[in-house]
Structures are given as C-alpha cells and as structure tokens.
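>>> I would like to see how this sequence folds:
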Amino acid sequence: MATKADVEALMERYCATMTSHDREGWLDCFTDDATQEDPVGTPPNVGREAIGAFFDANIVELTLSVAAPPIVIGNEALAFLRVDMTMGDQKMELPRTIDHIVLDESGTKIVSLRAFFDYAELRAVE
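Residues are numbered from 1 along each chain as shown. The predicted model follows:
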C-alpha cells in the first residue's frame, strides 16, 4: 500500500523528469500498462508507447512542481501541482492542477492518472 512518503517521492520524480525532459525517467513513473488522461475529457493514453507519445508532443518549455502535499488514501492519491511555462516570449502559469492517481501495489508507480485543470486559469506572469 502507498504511503504519503512514497507518493511524495514519486511526484517529485514525476515533476523533475518532466521539467528536465527526461523521457525515460518520466515514463518509469508509470506501469507498462498505465492509463493517462491529461486533461480529463480527452481520450486516455493507454500503455507506455501512448504515454510516451504524449510526452513527445509536449513542446512547451515548462516547469512542473508540487504545489502542496498529496492526499493519500490506500493506493489512491490526489497530487497538487503547478505548471510554469514559456509560450513564445510570454511567461505563463497554471497555478493549480490536481492529478487523481491510482498506484500499483508497491505505491511507487502510477497505474492511472487523470489530470484536472481549467485552461481558464492560465495567466500571464509579469
């Protein structure tokens, strides 16, 4: 079963590898048969190849960071994240993203991830 420490470590690795463009390190946060729906409402990516294609399609320079400690219940967690990005010459922020995560039995890999955020909250940083 996942512990809060397991989830905190996983989310720090998830954010660091996305930010540093470490494709394989980021994919290693997921089980081989994981599903990822990012954002919620889009067709889910199923399996390492599809999730890798999602990573490859992300061409925006961004910094993904943990915004608050996760809530962990059993093998499920809510992760609170923040996205800072540069689009052209403009710095932008998406101050809150909430990922609902289902973890494997060890609590160290993502089986399912659903990312909740509202593009209406995307704003320019001065």
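
>>> Could you list the buried residues of the longest helix along the chain?
Counting by DSSP state H, the longest helix found in the chain is helix 4-19. For helix 4-19, burial by neighbour count (16 or more other CB atoms under 10 Å) applies to 6-8, 10-11, 13-19. All C-beta atoms are positioned from the backbone trio N, CA, C, and that covers glycine.

>>> now do stretch 62-70
Quick answer for stretch 62-70 (16+ other CB under 10 Å): 62, 64, 66, 70.

>>> and if you look at stretch 44-55?
In stretch 44-55, counting by 16+ other CB under 10 Å, buried: 44-45, 51-52, 55.

>>> what's the answer for stretch 17-33, then?
Using 16+ other CB under 10 Å as the test for burial, stretch 17-33 gives 17-19, 26-27, 29-31.

>>> Report the rounded mean pLDDT for that stretch.
Per-residue pLDDT over stretch 17-33 has a mean of 97.

>>> What segments of the protein are helices?
Using DSSP H, helices in the chain cover 4-19, 23-27, 47-57.

>>> Let me know which of the ones you listed is the nearest to Val125.
Nearest to Val125, of all the helices of the chain, is helix 4-19, at 16.5 Å by CB to CB.
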